[in-house]
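Here's a sequence, model it:
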Amino acid sequence: MEIQMHPEAELCFPELPNSSCRKPTLHWSKTVLLNVGLSSISVITAALNLLIIISVYHFRQLHTPSNILLLSLAVSDFFVGFLLLPVEIFKNTACWVFGDLMCSLYIYLSGILMNASIEIIVFISVDRYVAICDPLHYPTRITVTRVKLSVCLCWFYAIFYMSLYTKDVLIKPGRYASCYGECVFFIEDITGTVDIVLCFFVPVIIIIVLYTRVFVVAVSQARAMRSHVTAVTLQRSLNQSNKSELKAARNLGVLVIVFLASICPFYFYSLVDGNVVKASSATFLIIVYFNACLNPLIYTLFYPWFRNAVKLIITLQIFKHNNAYRAQVKALTSWCPDNNLLLNVSKTKELIVEYKRLQGSRNTPFDIEETEVERVTCCRFLGININEDLSWSHHIDVITKAVRQRLFFLRWLRRFGMD
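So this is what the prediction gives:
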């Protein structure tokens, strides 16, 4: 016996039988997948990107041009996980009950975040292209100030572009809705073509060209280093060069493939159907949003700097004294083996430069590879004696003592008639 449900029970607004949409009817497995799976992705996306935001903002040594771009990308991806994904889950499992104005704002915000993410990834491609292909001019061409200005222009452009792109639904919310309880958005053929060219084809072409050039240069540099290493070192160094070459190829390939795999299905679907915000396009839109969860893993969490920073945040060590200093030391110890360098811990000294008295007593000693580093008040670096208070007194005393010793011997030589 089959149970029949009254038609009004399937309406979003039973009090409006002639103009109300019907409730989404999904199989229980799809409902569980959307509610549990996508909710987990939403939480993970927001949490990972929030860790990146805190890391770059808190640790001053991470305030570099590349990390400023990663911070902007993390901000965009954080709002994707915190706002867009939960709304997308609700929109596909229930009726839209927030009104036409909120639907227009959702479309407007999703477009801004998507465009900003694409533009920032293009800026990251440019940054890495200059860093690898023109490393000598990188510090002068790519500065923190210029990157911050570029990020601001990127967000202003995304806001301006989406204001023009969605002006119809912003001026008249709900103009494309056929019934109450629906959130849809249609675009004209010409507008859709221009949007796909500006927001998809142009960025993808730029990214592919730049990363291809970066890949070629990186491989050529690795081969040049490998040939040089072969002539002067052992076979072990040769194997390390091969690993560096494969690592560069893998990382660049992952960056391009994941980005294209996430964004291509949505824009290819847009070529077929002009309705880019309806139930049938939800799968492709969710794939684009899922890229926000992958970005922090690809761009940041694979680097020792951010792994150490995240560890300090999770363990709440950022509230302790000199945490940034310890994070920098840990990053240095991780950077050395990754770049085929050996850190001699027995010859490593710790010198704390500060002007506040008794401040150093609160800094507990740290260890490298389970070996405690010796703390000194003065050290010699490139012939200069550096004191903990950055005064010249110790350096002058050392020079004066050396001069006195030499003058003493010169006077004795003069007494014996040796001029």
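
what bridges to the spatially closest residue to residue 11 that is not a sequence neighbour?
Spatial nearest neighbour of residue 11, excluding adjacent residues (Cβ to Cβ, 6 or more residues apart in numbering): residue 20 at 4.4 Å. For every residue, glycine as well, the C-beta is placed using N, CA and C. Per DSSP bridges, the residues bridged to residue 20 are residue 180.

do residue 384 as well
For residue 384, the beta-bridge partners under DSSP bridges are residue 381.

what about residue 219, neighbour count?
Counted by other Cβ atoms under 10 Å, the residues lying close to residue 219 total 15.

Can you check the pLDDT for it?
Looking at residue 219, its pLDDT reads 74.

Against residue 123, how distant is it?
For residue 219, the distance to residue 123 (Cβ to Cβ, to the nearest Å) stands at 24 Å.

before we move on, back to that, pretty sure the residue nearest to residue 11 contacts residue 13?
Yes. Assessed by Cβ atoms under 8 Å, residue 20 is found in contact with residue 13 at 4.0 Å.

The two: who's more crowded?
residue 20 (19 against 15).

how far away is the more buried one from residue 174?
For residue 20, the distance to residue 174 (Cβ to Cβ) stands at 14 Å.

And residue 61, by the same measure?
50 Å.

Could you do residue 39 as well?
28 Å.

same check, this time on residue 208
Shown here: residue 208 relative to residue 174, a distance of 39 Å by Cβ to Cβ.

need the strands for this protein, in chain order.
Applying DSSP state E to the chain gives strands spanning 349-351, 367-368, 371-372, 374-376, 378-381, 384-387.

Mean pLDDT added to those, as a markdown table?
Putting the strands of the chain into a markdown table (pLDDT from 0 to 100) gives the following:
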| stretch | mean pLDDT |
| --- | --- |
| strand 349-351 | 76 |
| strand 367-368 | 71 |
| strand 371-372 | 73 |
| strand 374-376 | 76 |
| strand 378-381 | 77 |
| strand 384-387 | 77 |
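
now for those, which one comes closest to residue 157?
Taking Cβ to Cβ, strand 367-368 is the member of those nearest to residue 157, at 45.9 Å.

residues in contact with residue 212?
Residues near residue 212 by Cβ atoms under 8 Å, 6 or more residues apart in numbering: none.

burial of the nearest residue to residue 196 once chain neighbours are set aside, as a residue count?
Nearest in space to residue 196, with sequence neighbours left out and distances taken as Cβ to Cβ, 6+ apart, is residue 267 at 5.6 Å. Burial of residue 267 is recorded as 18 neighbouring residues (other Cβ under 10 Å).

Surely residue 267 is in contact with residue 198?
No. With contact defined as Cβ under 8 Å, residue 267 does not reach residue 198; the gap is 11.2 Å.

Reformat the strands of the chain as CSV; add distance to residue 25 and mean neighbour count.
Shown next, in CSV, are the strands of the chain (distance: least, Cβ to Cβ, whole Å; neighbours: other Cβ atoms under 10 Å):
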stretch, distance to residue 25, mean neighbour count
strand 349-351, 67, 14
strand 367-368, 61, 13
strand 371-372, 65, 10
strand 374-376, 69, 13
strand 378-381, 73, 12
strand 384-387, 74, 15
